[in-house]
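**Q** this one's structure only:
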């Protein structure tokens, strides 16, 4: 009898990753569907990468458990990710980078036009908070360990989608066409 139970547990243990993966994919697709145009990778692809951008390397751990905070110092605004500090030219850029630092993105695109960063930072922060609310709603009945694994998986999924879209060139392309008269 003991060997039969062990065999059933062994069978269940082999199926557990598949059940978890199916549950995870259902949760991600549900959140993506409910978010619609507020899905973070969609905002990045349609509203950021269509602009003239430059690539920015964060050089932070790619885990989704980065403790990120914005600090105001005598030298300006800094984004603190774990023990690493990134100097930012202004608060809106720090807010913009904060969203991607929370996700553990290594390299992202930053709009070259600084007047657009503030509105994009607002939109990204709103999308991030909405994703977290939808996630909490979807996993309300799960254990703490299950929630943690699912949240890590969700963050990794978003990070992979952002990486597929890419960060673009290090410097934006400038068109240098001038109109000259033919004499």
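**A** Received it, and whenever you're ready, just let me know what you need. Values in this document were obtained by computation on a predicted structure and should not be read as measured data.
**Q** where along this structure do the strands fall?
**A** 53-57, 68-73, 76-81, 84-88, 107-111 (DSSP state E).
**Q** roughly how far apart are the spatially most central residue of the chain and residue 154?
**A** Central residue of the chain (Cα atoms, centre = their mean): residue 103, 4.1 Å from the mean position. With the distance defined as Cβ to Cβ, to the nearest Å, residue 103 ends up 10 Å from residue 154. All C-beta atoms are positioned from the backbone trio N, CA, C, and that covers glycine.
**Q** one step back: can you tell me which of the strands of the chain is packed in deepest?
**A** strand 107-111 (a mean of 20; mean count of other Cβ atoms under 10 Å).
**Q** Neighbouring strands of that strand in the sheet, and parallel or not?
**A** Strand 107-111 pairs in its sheet with strand 53-57 (antiparallel), by DSSP bridges.
**Q** Could you list the residues in contact with the strand it pairs with?
**A** 97, 106-112, 167-172 (Cβ atoms under 8 Å, 6 or more residues apart in numbering).
**Q** got the angle between it and strand 84-88?
**A** Angle of strand 53-57 versus strand 84-88, following axes from the mean of the first three to the mean of the last three Cα atoms, to 10 degrees, is 160 degrees.
**Q** ok, the nearest residue to residue 76 once chain neighbours are set aside - contacts?
**A** Spatial nearest neighbour of residue 76, excluding adjacent residues (Cβ to Cβ, 6 or more residues apart in numbering): residue 87 at 6.5 Å. Residue 87 makes contact with 75-78, according to Cβ under 8 Å, 6+ apart.
**Q** What residues are bridge-paired with residue 87?
**A** residue 78.
**Q** Could you give the number of residues near residue 126?
**A** Around residue 126 there are 14 other residues, counting by other Cβ atoms under 10 Å.
**Q** same check, this time on residue 35
**A** Residue 35, neighbours per other Cβ under 10 Å, totals 17.
**Q** ok, now which ones touch it?
**A** 42, 127, 130-131, 134.
**Q** same thing with residue 142?
**A** By Cβ under 8 Å, 6+ apart, the neighbours of residue 142 are residue 150.
**Q** With distance to residue 27 as new columns, can the contacts of residue 35 be given to me in TSV?
**A** Output for these, formatted as TSV (distance: Cβ to Cβ, whole Å):
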residue	distance to residue 27
42	17
127	17
130	15
131	11
134	9
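**Q** Switch those over to JSON lines; also include distance to residue 50 and pLDDT.
**A** Compiled in JSON lines, the contacts of residue 35 are given as follows (distance: Cβ to Cβ, whole Å; pLDDT from 0 to 100):
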{"residue": "42", "distance to residue 50": "12", "pLDDT": "95"}
{"residue": "127", "distance to residue 50": "16", "pLDDT": "95"}
{"residue": "130", "distance to residue 50": "22", "pLDDT": "95"}
{"residue": "131", "distance to residue 50": "21", "pLDDT": "94"}
{"residue": "134", "distance to residue 50": "25", "pLDDT": "93"}
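**Q** Thanks again, I'm all set now.
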